[in-house]
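Visitor: What shape does this take:
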Amino acid sequence: MGFKFGEKSEANLSGVHPDLVKVVRQALLISPIDFSVWEGVRSTRQQAEYFVTGASKRILSRHLTGHAVDLYAFVGGKTRTDEGLYPQIAEAMRLASIDAGVPIVWGAAWRRTLDKSPSAVKAMEAYRFEQRVMGKKPFNDMVHFELPEKLYPADAAVLAKIDALVRQDISDIKDERGLA
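Guide: Coordinates of the predicted model:
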């Protein structure tokens, strides 16, 4: 425990909302698993790419406004995607969010903030159960953490401009790939 971010992670925190940065930094100090900030603020072109390929379900990702980060486990000198590692990172994020007084939504437990759950695993299980009851497949984005939209809204005028840019990028990508 008591890990430290490298240069790439530090650079990827640039432009991210300070409340989210505070939680991410605190979580790294208490996490039993080292992790890196894989992505913070995302370009409209990258968001369009993720949307076209199905890696993102939203045109207006919270990454576009600095309200989200993707954290990847870093074990044995390598980035790891083993699902068993991420609930431990999410638990560190939950505890850090409580300590900082900053609610956080985890991409494996959508529609709830981790600070209101008894554990990250319980939050994930509740989300998966709700989705099954509704006959839906859970969208499992274990690496994703964001500030809740209702408490941290993005500026409407900025969102309108970003939306137009992402939609243009989506159109361009589809044209380039003959998908239009």
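
Visitor: partner strands of the biggest strand by length in the chain, parallel or antiparallel?
Guide: Taking DSSP state E as the assignment, the strand of the chain that covers the most residues is strand 68-75. As defined by DSSP bridges, the strand partners of strand 68-75 come to strand 35-39 (antiparallel), strand 78-80 (antiparallel), strand 144-146 (antiparallel).

Visitor: What sits closest to the residue most central in space within the chain if chain neighbours are left out?
Guide: Residue closest to the average C-alpha location in the chain (C-alpha atoms, centre = their mean): His144, at 2.4 Å. Nearest residue to His144, sequence neighbours excluded (C-beta to C-beta, 6 or more residues apart in numbering): Gly107, at 3.0 Å. Where you see a C-beta, it was placed from the backbone N, CA and C, and this is true even at glycine.

Visitor: how about the one you found, phi and psi?
Guide: phi -70, psi 0 (degrees, to the nearest 10).

Visitor: Let me know the distance separating it from Ala120.
Guide: 11 Å (C-beta to C-beta, to the nearest Å).

Visitor: Look at these two and report which has more neighbours.
Guide: Ala120 (23 against 20; other C-beta atoms under 10 Å).

Visitor: Next, the contact list for the more buried one, please.
Guide: Going by C-beta atoms under 8 Å, 6 or more residues apart in numbering, Ala120 touches 87, 90-91, 93-94, 106, 108-109, 114.

Visitor: quick one: low-confidence parts of this protein?
Guide: Applying pLDDT under 70 to the chain flags residues 1, 180.

Visitor: could you dump the biggest helix by length in the chain to PDB, C-alpha only?
Guide: Secondary structure assigned by DSSP state H gives helix 156-176 as the longest helix of the chain. Extracted in PDB, the C-alpha atoms of helix 156-176 (Å, rounded to 0.1, in the frame of the first residue of the first chain):
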ATOM      1  CA  ALA A 156     -25.100  22.800 -20.900                       C
ATOM      2  CA  ALA A 157     -23.600  25.100 -23.500                       C
ATOM      3  CA  VAL A 158     -20.300  23.200 -23.400                       C
ATOM      4  CA  LEU A 159     -22.100  19.900 -23.700                       C
ATOM      5  CA  ALA A 160     -24.000  21.100 -26.800                       C
ATOM      6  CA  LYS A 161     -20.700  22.000 -28.500                       C
ATOM      7  CA  ILE A 162     -19.100  18.700 -27.400                       C
ATOM      8  CA  ASP A 163     -22.100  16.800 -28.600                       C
ATOM      9  CA  ALA A 164     -21.900  18.400 -32.100                       C
ATOM     10  CA  LEU A 165     -18.100  17.600 -32.300                       C
ATOM     11  CA  VAL A 166     -18.600  13.900 -31.200                       C
ATOM     12  CA  ARG A 167     -21.400  13.400 -33.600                       C
ATOM     13  CA  GLN A 168     -19.300  14.800 -36.500                       C
ATOM     14  CA  ASP A 169     -16.400  12.600 -35.400                       C
ATOM     15  CA  ILE A 170     -18.800   9.600 -35.400                       C
ATOM     16  CA  SER A 171     -19.900  10.400 -38.900                       C
ATOM     17  CA  ASP A 172     -16.300  10.800 -40.100                       C
ATOM     18  CA  ILE A 173     -15.300   7.500 -38.600                       C
ATOM     19  CA  LYS A 174     -18.200   5.700 -40.200                       C
ATOM     20  CA  ASP A 175     -17.400   7.300 -43.500                       C
ATOM     21  CA  GLU A 176     -13.700   6.300 -43.200                       C
END
